[in-house]
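>>> sequence and predicted structure, then a few things I'm wondering about:
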Amino acid sequence: GSFPLGLWSKQLFGLSNSTDAPDRPICPYMVTRKCKGDIFARIRDKLTKTDVLNLASSLGVQMRNIHQLPLPHVEHISKSGNEDIKAKENSISDVTHVPPEWKQVVSTLDRRKKSIKKHLSNWGGSIPQVLIEKAEEYLPDDIRFLIKFVKDDDGDSVYVVPSWIHSDIMDDNILIEGTTEPGTSTDCIAVEDLNKMDAIHIIDFSDLSIGDPLCDLIPLHLDVFRGDIDLLRQFLRSYQLPFLRAESNKDIYKSIQNSKFSRASYRAMCYCILHEDNVLGAIFSLWKDLGTATSWEDVEHLVWGELNQYQQSCSVGEIN
């Protein structure tokens, strides 16, 4: 019933016990620092727009730092005691060609995709039925297409490099120790100043995992920013990392064949549809007009279209 410490052991444990994980021991973690401050959810209505813009900038720097942390060495599955894991991996075609660090992510998303109508129907009436019926058609035939792309020059396949992801950056997991001086312009904030900011703390890393860094933008944009495009842009100005990264943070966006799968907005929308929580309910609550949407493309472009502008700017080095 127990498992060794470490990220890969936790991932494999979750994969082999996905149906009864609540009855199992949780992954141990340690408290490394006690942080002072107020929970953002409790004080957000007291903050000025400038304060929240500065918060978005600081979060961009902090998420950049988290997403650049080196991953631990991949641990191989032992020969015994992992039949369930191997069986679930083998349910995906050619899973042996999926990099080890992506196997658990691909397996989990593939399992949800196979029962996507049931998965979305579990959220009650928060999702238009016409979209539930079109979800399977909208999602890629092969989940690996969200992380695997074809290079322009030689036609070879390339997988993006995953990163650490917090997985739960919501307004109750942000501590604010203080706010900026009234009237401070966000245009005057230098990156070195943001790096020195000690007023913002991201807490609760109990769901820490690895995966596509786009997944961290989902709770940020929908919960922390409440869909505010100005806050998302401010975050991205400080984040400054490409979404499709190879080793050493090299942007591979311009070197791969252009397709909907390489579009940041499409991938973010797919992660929303396949999310274990009802993030779609948050989307249709924030954007009331989407209640009459008849295609997932309409939802994608309204909610996540800004990510495509950012992705283009990354590829030409024009982030500002």
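Now that the structure is in, tell me what you want to look at.
>>> after the worst-scoring helix or strand of the chain on mean pLDDT comes which helix or strand?
Lowest on mean pLDDT, DSSP states H and E among the helices and strands of the chain sits helix 191-196, with a mean of 44. Going down the chain from helix 191-196, the next helix or strand is strand 200-202, by DSSP states H and E.
>>> paired strands for that next one, with orientation please.
Applying DSSP bridges, strand 200-202 is found paired with strand 174-176 (antiparallel).
>>> average pLDDT for stretch 300-314?
Stretch 300-314 comes out with an average pLDDT of 95.
>>> buried ones in it?
The neighbour-count check on stretch 300-314 (16 or more other Cβ atoms under 10 Å) flags 300, 301, 302, 303, 304, 306, 307, 308, 310, 311, 313, 314 as buried. Yep, even glycine has a C-beta here, placed from its N, CA and C like the rest.
>>> from residue 171, how far out is the third one?
When Cβ to Cβ, to the nearest Å is the yardstick, residue 302 and residue 171 sit 22 Å from each other.
>>> again, but for the fifth one
When distances are taken as Cβ to Cβ, residue 304 and residue 171 turn out to be 20 Å apart.
>>> try the second one
Between residue 301 and residue 171 the computed distance is 25 Å (Cβ to Cβ).
>>> next: the last one.
For residue 314, the distance to residue 171 (Cβ to Cβ) stands at 27 Å.
>>> show me what contacts the residue most central in space within the chain?
For the chain, the residue lying nearest the average C-alpha position, counting by Cα atoms, centre = their mean, turns out to be residue 215 (0.8 Å). Taking Cβ atoms under 8 Å, 6 or more residues apart in numbering, we find residue 215 in contact with 165, 167, 271.
>>> one more: residue 224?
40, 59, 169, 170, 171, 174, 231.
>>> make it 7 Å
169, 170, 171, 174 (Cβ atoms under 7 Å, 6 or more residues apart in numbering).
>>> same thing with residue 296?
Residue 296 is in contact with 131, 134, 138, 269, counting by Cβ under 7 Å, 6+ apart.
>>> of these, buried ones?
Judged by 16+ other Cβ under 10 Å, buried ones among these: 131, 138, 269.
>>> and which of these is nearest to residue 159?
Comparing the buried ones among the contacts of residue 296 against residue 159 with Cβ to Cβ picks out residue 269 as the nearest, at 20.5 Å.
>>> where's the closest one, which helix or strand?
For residue 269, the element it lies in under DSSP H and E is helix 264-273.
>>> quick one: average confidence on the helix or strand following that helix?
For helix 264-273, the following helix or strand on the C-terminal side (DSSP H and E) is helix 279-286. In this model, helix 279-286 has a mean pLDDT of 97.
>>> and helix 279-286, which residues are buried?
Neighbour-count burial for helix 279-286 [16+ other Cβ under 10 Å]: 279, 280, 282, 283, 284, 286.
>>> which among the residues you listed gets closest to residue 292?
For the buried residues of helix 279-286, the nearest to residue 292 is residue 284 (10.3 Å; Cβ to Cβ).
>>> what about the closest one, distance to residue 65?
Residue 284 is 33 Å from residue 65, by Cβ to Cβ.
>>> for stretch 166-176, the distance to its chain's centre please.
Centre-to-centre, stretch 166-176 and its host chain are 13 Å apart (Cα atoms, centre = their mean, to the nearest Å).
>>> buried stuff in that stretch?
166, 167, 168, 169, 171, 173, 174, 175, 176.
>>> ok, now stretch 63-70?
Neighbour counts over stretch 63-70 (16+ other Cβ under 10 Å) mark 63, 64, 66, 67 as buried.
>>> looking at it, the third one is touching residue 164, isn't it?
Yes: counting by Cβ atoms under 7 Å, residue 66 does reach residue 164; the two are 5.6 Å apart.
>>> who are the contact partners of residue 225?
Residue 225 makes contact with 56, 231, 232, according to Cβ under 7 Å, 6+ apart.
>>> weed out the non-buried ones from those residues.
56, 231, 232.
>>> list the contacts of the second one.
Yep, that's residue 231 we're talking about. Residue 231 neighbours (Cβ under 7 Å, 6+ apart): 52, 53, 56, 225.
>>> and for residue 290?
So, once contact is read as Cβ under 7 Å, 6+ apart, residue 290 ends up touching 283, 284, 299, 302.
>>> now the two most distant members of these.
284 and 302, at 11.2 Å, using Cβ to Cβ across those.
>>> before we move on, the earlier item: show me the two of the buried residues of stretch 166-176 that sit farthest apart.
167 and 176 (20.8 Å).
>>> show me where the stretch 101-250 of the chain has helices.
Remark: helices assigned in the stretch 101-250 of the chain by DSSP state H, counting those that start in this stretch are 116-121, 129-138, 191-196, 214-219, 229-239.
>>> surely residue 116 and residue 136 touch.
Yes: at 5.4 Å, residue 116 counts as touching residue 136 under the criterion of Cβ under 7 Å.
>>> sorry, back to before: could you dump the contacts of residue 225 into TSV with pLDDT and distance to residue 294 added?
As requested, the contacts of residue 225 are arranged in TSV below (pLDDT from 0 to 100; distance: Cβ to Cβ, whole Å):
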residue	pLDDT	distance to residue 294
56	97	32
231	98	28
232	98	25
